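**Q** Quick one: sequence plus predicted model below, questions after.
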Amino acid sequence: MPKAVGIGGVFFRAANPAGLAEWYQKHLGIDDLHKSVWQQEAGMTIFGPFSKDTDYFGRAEQQWMVNFRVDDLDGLMASLTASGIAVETRDEWNSEVGRFARIHDPEGNPVELWEPAQR
């Protein structure tokens, strides 16, 4: 059976698309879509619908949250904090699949950072 083989893109509305793309490039290393296509590393991806009444994302009207796999969560958190970006961690977010942190982009969208557990 034919099937999807990966995420081809994540698209969302923004008040300042160019500025937001620059922010993601500067702080998370994601190529600015106005300049090139980001080539991500192969690895695990979770595609997971949540209950409509979850509070995991934050605001009730929020329909999505992006999660980025990272190679050095502690190092990235230090870099983000040094840039004045608030980083939230909670022990209950961590599990056998890895460690998690959360930031918000300049437009208030939550961004989850995930360092997978070593297997």
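**A** Looks like it came in fine.

**Q** Count residues in the vicinity of R90, would you?
**A** 9 (other Cβ atoms under 10 Å). C-beta: built from backbone N, CA, C; applies to glycine.

**Q** actually F100, not the one I wrote
**A** Neighbours of F100 using other Cβ under 10 Å come to 19.

**Q** My guess is it contacts L113. True?
**A** Yes. Counting by Cβ atoms under 8 Å, L113 is a contact partner of F100 at 6.7 Å.

**Q** could you pull out the strands for this protein?
**A** 66-69, 98-104, 110-116 (DSSP state E).

**Q** in this structure, what spans have low per-residue confidence?
**A** Across the chain, nothing is flagged by pLDDT under 70.

**Q** got a list of contacts for the lengthiest helix in the chain?
**A** Identified as the longest helix of the chain according to DSSP state H is helix 17-28. With contacts defined as Cβ atoms under 8 Å, 6 or more residues apart in numbering, helix 17-28 is touched by 14, 30-34, 68, 76, 79-80, 83, 85, 105-107, 111.

**Q** on that earlier part again, E41 is nearest to which of the strands of the chain?
**A** strand 66-69 (7.6 Å; Cβ to Cβ).

**Q** coming back round to it: got the CA coordinates for the longest helix of the chain in PDB?
**A** The C-alpha coordinates for helix 17-28 follow below in PDB (Å, rounded to 0.1, in the frame of the first residue of the first chain):
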ATOM      1  CA  PRO A  17       6.300  35.600   8.100                       C
ATOM      2  CA  ALA A  18       9.800  36.800   7.000                       C
ATOM      3  CA  GLY A  19      10.700  38.000  10.500                       C
ATOM      4  CA  LEU A  20       9.500  34.700  12.100                       C
ATOM      5  CA  ALA A  21      11.400  32.700   9.500                       C
ATOM      6  CA  GLU A  22      14.600  34.600  10.400                       C
ATOM      7  CA  TRP A  23      13.900  34.000  14.200                       C
ATOM      8  CA  TYR A  24      13.700  30.200  13.600                       C
ATOM      9  CA  GLN A  25      16.900  30.300  11.500                       C
ATOM     10  CA  LYS A  26      18.800  32.300  14.100                       C
ATOM     11  CA  HIS A  27      17.700  30.500  17.200                       C
ATOM     12  CA  LEU A  28      17.000  26.900  16.000                       C
END
